[in-house]
Each structure stands twice: as structure tokens, then as C-alpha cells.
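Visitor: output the structure for:
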Amino acid sequence: MPYSLSSEKPLDIVIYGATGFTGQLVAEYMHAQYANTDVKWAIAGRSADKLNLIKSQLGLSETLPIIIADSQDEAALRELVQQTKVVITTVGPYQLYGDTLVSLCAELGTDYVDLCGEPSWMRQKIDA
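Guide: Next comes the predicted model:
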């Protein structure tokens, strides 16, 4: 079956860590590229207040969903991963904050994207 963003999950992409420097850059890019398309995306992080501030500062749609999830809260991360086809995470260092998220993505069939520069951690995840 060819890959498609269309499936039963309500979101195509979630940017996790959207309130950090790099996360904001990713959100800004997503807005510039996909604001007037059928791509359904959301921003996620630990603080609703900070996520709403980012929406305002970047001129993102008020209807853009936000998802609250802490990297240490497996239930919240599971809920995040279940809602989307792709997670783009900028929450690092990944060896400290990424294990649960990458494991849940693998378990639930959600594509995982990060900007990791931690080769030994990546090798451990690949070999697991």
C-alpha cells in the first residue's frame, strides 16, 4: 500500500517542543508552507500558555490545535502519538527526553522525526 497522509488519525503532523527555539522555527515553516492546504497539524509542548503565546507571536491560526504533553508523562505522550501520523520533535537532548516518545511511535506506527546529534543513542534505539 502506498504511503499516504490520509488515514484514520485526525492529524498529519505534530510539532512537539514548539515553544523552544528550533520548535518555533519548525512551526513557522509549517505555517508558511501548509497554512492553506489540507495538511492537518498541531503544536505540542508542556505549557498551554506558552503554546498559545507562540500561536499569537507567529500569527498561527487560532484554530490550530495544541496538545499538552510532558516528556516524562507516558500517558500524555501516548495520547499525542495516537492522534497523528508524524511526530516532529525538537525536545532534547533525546537520550534524556526521547526514549518514551520514540518507543511509543514505534509501537503505534507513527513516523518519528528529530534532529538528533546523539549517534550512540540513535544506535541503541535502532538496535532495540
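
Visitor: can we go C-alpha only for contacts and neighbour counts from here?
Guide: Noted.

Visitor: buried set for the lowest-mean-pLDDT helix or strand in the chain?
Guide: Using mean pLDDT, DSSP states H and E, the weakest-scoring helix or strand in the chain turns out to be helix 94-97, at a mean of 78. With burial defined by 16 or more other CA atoms under 10 Å, the residues of helix 94-97 counted as buried are Tyr94.

Visitor: other residues contacting the biggest helix by length in the chain?
Guide: The helix spanning the most residues in the chain, taking DSSP state H as the definition, is helix 21-34. Here helix 21-34 makes contact (CA atoms under 8 Å, 6 or more residues apart in numbering) with 15-18, 43, 54, 58, 60, 89-90.

Visitor: which of those fall in strands?
Guide: 15-16, 43, 89 (DSSP state E).

Visitor: from those, which two are the most distant?
Guide: Comparing every pair within the ones in strands among the contacts of helix 21-34 by CA to CA identifies Ile43 and Thr89 as the most remote, at 10.1 Å.

Visitor: what residues are up against Gln72?
Guide: 97, 100.
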